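Undergrad: Turn this into a structure:
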Amino acid sequence: MWIIAIVTISKHFKNYYEPTIQRHKVRVLLYPPVYSTLAWVSYLRYDYATTIMFFATLFEAFAVYNLYTCLQSYLQPFRDEYEGVKEEARPTVVPCVKVHIKSRWGMHYRTITDILVYQFPLWSIFDAFISIFAELKGHYCEGSLSFKGAYVYLTIINFIALSFIISALFTYLAVYHPEWKRIKISAHGMFWCVKGPIMINFYIGTILLDGLAYDNIIHGTDGSNSSDGLAWSTEAVKHGLEVIIDCVVMTIFMGLMTKYFGPQDSIRRANENDTQIIGEPFQKRTSSQAFLDAYVLYIPEFIRNVITCGRDSRALAKKRARMKQQKRESMELSGLTSNKF
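TA: Numbers count the residues shown, from 1 in each chain. Coordinates of the predicted model:
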């Protein structure tokens, strides 16, 4: 995975034509090797597994963030083109499920989607902190389905947060399907490259393995049948299986990322001088400029976008309150008018 990631990132840096898009792609490409490496280290040092997996969760959260911001960068020229246009959308998100968006270019839908997407990485980081502190206090109870420990509560909240972001992104992909088709990118392929591993690792690596451990299908050993004579607890065995699932899944999706997050689209558009994506002439950056843009400015950009999301949310709340007040005043005025007559 490290070899594939480094080769693909190097190709990006040698052909860095679209920084607003490519910066997010090269960040996502580090997600599988970094996450798998940390998972493997947590297997070797199980006594520090919760702390080590905190950093894995951190990279996972940033991968989700960069997936969304990458799609937003692709969409930005269309937002500029349709600014102020109120256009309805009634896409079919999944079979038999349709949604109605009153204005797909409006502030309301964009801000709601930002909130539903950003809640996942922010909660993931917060959850990792809680896990570390709960384990230090002896109240984490990993793998246990008992409500006496923090693990089961965090798993339930993770399930809800994951459901929110999946629903939001599925809707987002369906609403802007004509735009993805127009710029010739596979937004669904990019989505599954990032969300696929998260969903598989959570639903199989966490929920399924927890259920098998709870039914004693997965159980610990006393070391009598082991070559090294070491005893393994049920939680340690489950964690080892989870690490194997993580690494296998990440290896598969690392291969897919070379197709959906590789530099070939940017190279093609640069050769064709197709400026409709970024709206400005192509200008190739050096490898050092690409590295600075992609990785050094990473955290400041994340913080700025989260703050912007909060500012937009506050502006949206004020706008909604103002519209309700105007509607109420209009109803009162029409009531007074009818009473006069």
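
Undergrad: so where's the stretch 51-200 of the chain uncertain?
TA: Low-confidence segments of the stretch 51-200 of the chain (pLDDT under 70): 142-146.

Undergrad: quick one, helices of it?
TA: 107-136, 150-175, 177-182, 187-202 (DSSP state H, counting those that start in this stretch).

Undergrad: among those helices, which is the most enclosed?
TA: Of all these, helix 187-202 carries the top mean neighbour count, a mean of 19, counting by mean count of other C-beta atoms under 10 Å. All C-beta spots, glycine's among them, are computed from the backbone N, C-alpha and C.

Undergrad: quick one: that helix to chain centroid distance?
TA: Its chain's C-alpha centre and that of helix 187-202 lie 9 Å apart, by C-alpha atoms, centre = their mean, to the nearest Å.

Undergrad: That one: what's the following helix or strand?
TA: Using DSSP states H and E, the helix or strand that follows helix 187-202 towards the C-terminus is helix 209-214.

Undergrad: Just the buried residues of that next one, please?
TA: By 16 or more other C-beta atoms under 10 Å, the buried positions in helix 209-214 come out as 209-210, 213.

Undergrad: okay, the residues you listed in a markdown table with distance to Tyr16 and pLDDT next?
TA: Output for the buried residues of helix 209-214, formatted as a markdown table (distance: C-beta to C-beta, whole Å; pLDDT from 0 to 100):
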| residue | distance to Tyr16 | pLDDT |
| --- | --- | --- |
| Leu209 | 41 | 87 |
| Asp210 | 43 | 83 |
| Ala213 | 47 | 83 |
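
Undergrad: Closest one to Ser266 out of those residues, please.
TA: Leu209 (39.6 Å; C-beta to C-beta).

Undergrad: Pull the contacting residues for the residue nearest to the closest one when sequence neighbours are not counted.
TA: Leaving aside its sequence neighbours, Leu209 sits nearest to Lys238 (C-beta to C-beta, 6 or more residues apart in numbering; 5.0 Å). By C-beta atoms under 8 Å, 6 or more residues apart in numbering, the contact list for Lys238 reads 143, 209-210, 212-213, 218.

Undergrad: How much space separates Lys238 from Tyr118?
TA: 31 Å (C-beta to C-beta, to the nearest Å).

Undergrad: what does Thr206 give?
TA: 22 Å.

Undergrad: Then Asn271?
TA: Remark: distance between Asn271 and Tyr118 (C-beta to C-beta) = 35 Å.

Undergrad: just Pro178 next, same as before
TA: Remark: distance between Pro178 and Tyr118 (C-beta to C-beta) = 25 Å.

Undergrad: what does Tyr48 give?
TA: As judged by C-beta to C-beta, Tyr48 and Tyr118 stand 29 Å apart.

Undergrad: cool, Pro197 as well?
TA: Using C-beta to C-beta, Pro197 is found at 20 Å from Tyr118.

Undergrad: Over to Tyr172?
TA: 13 Å.

Undergrad: same check, this time on Thr20
TA: 19 Å.

Undergrad: Ok, Glu81 next?
TA: Distance, Glu81 to Tyr118, by C-beta to C-beta: 25 Å.

Undergrad: can you check Ala187 too?
TA: Taking C-beta to C-beta, one finds Ala187 at 19 Å from Tyr118.

Undergrad: Check Val194 too.
TA: Taking C-beta to C-beta, one finds Val194 at 15 Å from Tyr118.

Undergrad: now Thr221
TA: In terms of C-beta to C-beta, Thr221 sits 43 Å off from Tyr118.

Undergrad: dump the residue contacts of Asn66.
TA: Shown in contact with Asn66 (C-beta under 8 Å, 6+ apart): 24-25, 27-28.

Undergrad: 7 Å - rerun?
TA: Shown in contact with Asn66 (C-beta atoms under 7 Å, 6 or more residues apart in numbering): 24, 27-28.

Undergrad: And for Phe253?
TA: Taking C-beta under 7 Å, 6+ apart, we find Phe253 in contact with 32, 193, 196-197.

Undergrad: Out of these, which two sit at the greatest distance?
TA: Pro32 and Gly196 (10.9 Å).

Undergrad: Which two among the contacts of Lys238 are spaced furthest apart?
TA: Top of the distance list for the contacts of Lys238 (C-beta to C-beta): Gly143 and Leu212, 10.1 Å.

Undergrad: If you drop the residues flanking it in sequence, what lies closest to Ile4?
TA: Ile4's closest residue in space is Met254 (C-beta to C-beta, 6+ apart), at 5.4 Å.

Undergrad: so is the one you found in a helix, a strand, or just coil?
TA: Of the three states, Met254 takes helix under DSSP: H, G, I helix; E, B strand; the rest coil.

Undergrad: Surely it touches Ile3?
TA: No - in this structure, Met254 is not within contact of Ile3 by C-beta atoms under 7 Å, at 9.8 Å.

Undergrad: When those two are compared, which one has more neighbours?
TA: Met254 (23 against 9; other C-beta atoms under 10 Å).
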